[in-house]
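Peer 1: this one's structure only:
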């Protein structure tokens, strides 16, 4: 028998049927609850104070599409393998950002990482599961922007436990 819900109101007969079906319940005791572990890398919220000092040089358009992996000319394919095993030094989460906001956040993040001499960083762009049509717009844009950035030497998809296809690991130039 289906429940009849009108604008969030449950009919009394349906509520009684639910209570009868579920029966008596007992809340879990506090000692039986598991406290979730905190992630080892804290994603920082970027301030808007430096937004106007970094030039917006990245284009949204690419004739090549967005590659799964990227490697600058002259670098060995072993670089990608080493990047996958590398230690992430900082992380940026672009979930929920519009294209323009994501581009600006990415540029600020990469500028900050280069200024602090970080070599391996992660950008979480999501898999596009909540996008219209399931299209991963931020993934495509992010990877396109990274191929244009002068300090990006290589990037690849993160390991499944670090975000999989919803995140990218980036190798930055040292001493830039």
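Peer 2: Happy to help now that I have it. These numbers come from a predicted model, not from an experiment. Numbers count the residues shown, from 1 in each chain.
Peer 1: From here on, just use CA atoms for contacts and neighbour counts.
Peer 2: Noted.
Peer 1: residues of the lengthiest helix in the chain that come out buried?
Peer 2: Assignment by DSSP state H gives helix 99-115 as the longest helix of the chain. The neighbour-count check on helix 99-115 (16 or more other CA atoms under 10 Å) flags 102, 103, 104, 105, 106, 107, 108, 109, 110, 113, 114 as buried.
Peer 1: Tell me how far it lies from the chain's centre.
Peer 2: Put simply, helix 99-115 sits 14 Å off its chain's centre (CA atoms, centre = their mean, to the nearest Å).
Peer 1: following that helix, which helix or strand shows up next?
Peer 2: From helix 99-115 onward toward the C-terminus, using DSSP states H and E, the following helix or strand is strand 120-124.
Peer 1: which non-adjacent residue is nearest residue 93?
Peer 2: Distances taken as CA to CA, 6 or more residues apart in numbering place residue 124 nearest to residue 93, at 4.7 Å, with adjacent residues excluded.
Peer 1: pull the helix or strand with minimum mean pLDDT from the chain.
Peer 2: strand 5-6 (a mean of 54; mean pLDDT, DSSP states H and E).
Peer 1: helices or strands next to the next helix or strand after that strand in the packing?
Peer 2: Going down the chain from strand 5-6, the next helix or strand is strand 9-10, by DSSP H and E. Counting contacts by 3 or more CA pairs under 8 Å, 6 or more residues apart in numbering; DSSP states H and E, strand 9-10 is packed against no other helix or strand.
Peer 1: Return the residues in contact with the residue minimising distance to the centre of the chain.
Peer 2: Central residue of the chain (CA atoms, centre = their mean): residue 124, 2.0 Å from the mean position. Listed by CA atoms under 8 Å, 6 or more residues apart in numbering, the contact set of residue 124 reads 91, 92, 93, 94, 95, 163, 166, 167, 168.
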